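A.B. asks: Sequence and computational prediction follow.
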Amino acid sequence: MTSWTAQQEQQEEEEGNQTLIREAKRFHRFLKDFFPALDRFPRTSSWQGMVKASLLLLGSYFQATEENEAVGDVLRSLTSLDSLGLEIQVRQFKEILTEALEEKTLPHGSFQRGGVCVSDLMPARGLSFRAVFIPGLVERSFPASPRQDPLLLDPERQAMNQDLKEKGHVPLKRSRFAEEKLLFTLALGAAREKLILSYPRLDPSTGRERIPSFFLLRVGEALCGETVDYSRLERIPQYGRVPLSRLAPEDSAEAVDEGEFDLSQVGKALRTRDRREVSYFRKAFPFFKRAEKLARRRWGFQTFTEYDGCLNSARAHKVLRERFALSAQVLSATKLETYAACPFNYFLGEVLGLRPLPSPEEIRRIQPLERGTMVHEILSLFYQASTRKYPGPLRPENLEEYRKILEEAALKSFAAAEEQGWTGYPLLWEIDRQSILEDLRAFLEKEAQAEEGMSPALFEVRFGHGSRGSPNEAAGEPISLALEDGTAFSFRGRMDRVDFSPAGDSLRVIDYKTGKLQGEEDGFCGGTTLQLPLYLMAACRIWKEADLEKSWAEYCSVSRKGNFARIHFHGDRWGEKEGNLKKILETISRGIREGTFFPFREENRDCGYCDFKNICEHGVDVLFEKKKKDPRAAAFLEMREIP
């Protein structure tokens, strides 16, 4: 591999930069003059008239090239809107044309026609270039992670290939790596004089570090003649680290659009500490003053402010006490767990009442929430039918009969899901049906082998919902728990299953989970797992013959994904555990009354499933670390330390 001299490199780079700047400025001038020129058109006209006048303006600024013809194609495509039979106003024409231009992808260059050729690797295979740049070489991107085709698995493809023989061949998905390896080899060979391989060190959306593709390791080994791992990659002689480029040029005269000009002015104001450089922002951007105040209050203070979710006004505190005090509500465990996990999430959902908009996309396969609902329904139907026929614990000798009862219950639930439109594409739904049945069959086998001696008795039992009319309503009145200061909290909920010992002196509350379990044995996990202790307390209040010290509640995984694990919360040493429970309740209640709703994110907690993840600013964990010594966070942090 040969390389250019440093002087040649610098000269060509400067020439290329100047060309790009000239083209960008010319296009910027075109847009700057083009839209005001449209304002001189007649107030209303046909689409064809507007487009014709716009094409005349376009021709006065640009020569006829492939790239500029693409802009003309966008304009000409708008003439079809004349079929609506309505005259168009200039303002509407500008808005629609702007959207159409933003959606259009213009070519970035053409092979052997001057300029830079920007292409995917596949169409560029077999071609030759003086210099080749291959960016984005990170794991799971290139090479991509191999995935099966859900509609046609590799074993099925192999069977088809055996039948086709000489008539054709269906490629296997697992052979994709070999294809990408060959494609990468061809791309390397396309460079005649210079080859640059690069990868981004950080993910721009999350800020997390990216792992370079192991293709880069193989290139490093070829250059060094020895084994190269990720730790040694940066030490090979040909490796160079490129720092982040400036967001905008230092000289605002070199800006190619309004955004770059504004950023350039911001940079100048920071360097000179002269706010006059950005004084026009207040007039140019209506919300700039509010945004400036938000940034200053959020990032410029070592304590939590109202822009961090901590409400300070007396009026806000009055509203919180009168309308959102926990002692005046009938609570669910989930509501309390939400605050303990992230007070800001609680504020958005429970105080402001925000809800995510339903997604209008087509349902391709059943979603996790609907899948969980279906599994709960199947197990409820199964146990109700099986306990009528075979009272007591599940027994191994009855497994064949249990499977038949399970399949009957599943068919009813599957039919109901299909009627409600949960299931998505038929083939994917068939795969999901089989997966659910296999999970539940394996779960029943483990249940039949258990030796606790507890008999399933009640299913989908509700308490605290105000009515005893339903056979599944164990207690109409909520279950209450009073603190030492006399403040009482009321609870309601639904128990998936309640088992009793043969003597009836102990019970077990089971809560089914279809995913991986979260929590620890006999733990509160800082208030994020309150369902088991609250349900155990409620069950022993309702069925008073059961001894709390001998009873327990448990999360029970009913899937192979969760490895059928169980997490228990026992009633022994209840006095100590009840003390922790009351402390958690008191902390959450006081935090809501006092308007303490800062965002909180643990290192091991994934916010990907949060309904409000797009509202949170990036870096909330950095903000909390900066302000966690604020006295308002002390009680919350102390609660989070409760095991």
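C.D. replies: The structure has been received and is ready for your questions.
A.B. asks: Mind giving me the packing neighbours of the helix or strand encompassing Tyr512?
C.D. replies: Element membership for Tyr512 (DSSP states H and E) is strand 507-513. Applying 3 or more Cβ pairs under 8 Å, 6 or more residues apart in numbering; DSSP states H and E, one finds that strand 507-513 contacts helix 368-389, strand 493-500, helix 531-542, strand 552-557. Where you see a C-beta, it was placed from the backbone N, CA and C, and this is true even at glycine.
A.B. asks: in the stretch 1-150 of the chain, which spans are strands?
C.D. replies: 44-45, 88-89, 129-134 (DSSP state E, counting those that start in this stretch).
A.B. asks: With mean pLDDT and mean neighbour count as extra columns, can I get those strands in TSV?
C.D. replies: Output for the strands of the stretch 1-150 of the chain, formatted as TSV (pLDDT from 0 to 100; neighbours: other Cβ atoms under 10 Å):
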stretch	mean pLDDT	mean neighbour count
strand 44-45	61	16
strand 88-89	76	18
strand 129-134	87	16
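A.B. asks: okay, those strands in a markdown table with distance to Arg441 next?
C.D. replies: A markdown table is the format used below for the strands of the stretch 1-150 of the chain (distance: least, Cβ to Cβ, whole Å):
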| stretch | distance to Arg441 |
| --- | --- |
| strand 44-45 | 69 |
| strand 88-89 | 63 |
| strand 129-134 | 49 |
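A.B. asks: who wins for proximity to Glu179 among those?
C.D. replies: strand 129-134 (16.3 Å; Cβ to Cβ).
A.B. asks: starting at the chain centroid, how far to the closest one?
C.D. replies: 36 Å (Cα atoms, centre = their mean, to the nearest Å).
A.B. asks: likewise stretch 551-559?
C.D. replies: On Cα atoms, centre = their mean, the centre of stretch 551-559 falls 28 Å from the chain's centre.
A.B. asks: For it, give the mean pLDDT please.
C.D. replies: For stretch 551-559, mean pLDDT rounds to 95.
A.B. asks: residues in contact with that stretch?
C.D. replies: 375, 379, 439-440, 443, 506-517, 519, 531-533, 535-536, 539-540, 563-571 (Cβ atoms under 8 Å, 6 or more residues apart in numbering).
A.B. asks: Could you pull up phi and psi at the spatially closest residue to Trp552 that is not a sequence neighbour?
C.D. replies: With Cβ to Cβ, 6 or more residues apart in numbering as the criterion, Trp552 has its nearest non-adjacent residue at 4.4 Å, and that residue is His570. With angles defined as degrees, to the nearest 10, His570 sits at phi -90, psi 150.
A.B. asks: Could I get the buried residue list for the helix or strand hosting Leu623?
C.D. replies: Element membership of Leu623, judged by DSSP H and E, is helix 620-627. For helix 620-627, burial by neighbour count (16 or more other Cβ atoms under 10 Å) applies to 620-621, 623-624, 627.
A.B. asks: What of stretch 93-103?
C.D. replies: Those would be 93-94, 97, for stretch 93-103 by 16+ other Cβ under 10 Å.
A.B. asks: can I get the residues you listed in JSON lines with distance to Pro237 and pLDDT?
C.D. replies: What follows is those, written out as JSON lines (distance: Cβ to Cβ, whole Å; pLDDT from 0 to 100):
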{"residue": "Phe93", "distance to Pro237": "58", "pLDDT": "78"}
{"residue": "Lys94", "distance to Pro237": "55", "pLDDT": "76"}
{"residue": "Leu97", "distance to Pro237": "52", "pLDDT": "79"}
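A.B. asks: Would you mind giving those as JSON lines with distance to Ala340 added?
C.D. replies: Shown next, in JSON lines, are these (distance: Cβ to Cβ, whole Å):
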{"residue": "Phe93", "distance to Ala340": "54"}
{"residue": "Lys94", "distance to Ala340": "51"}
{"residue": "Leu97", "distance to Ala340": "51"}
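A.B. asks: Thanks a lot, catch you later.
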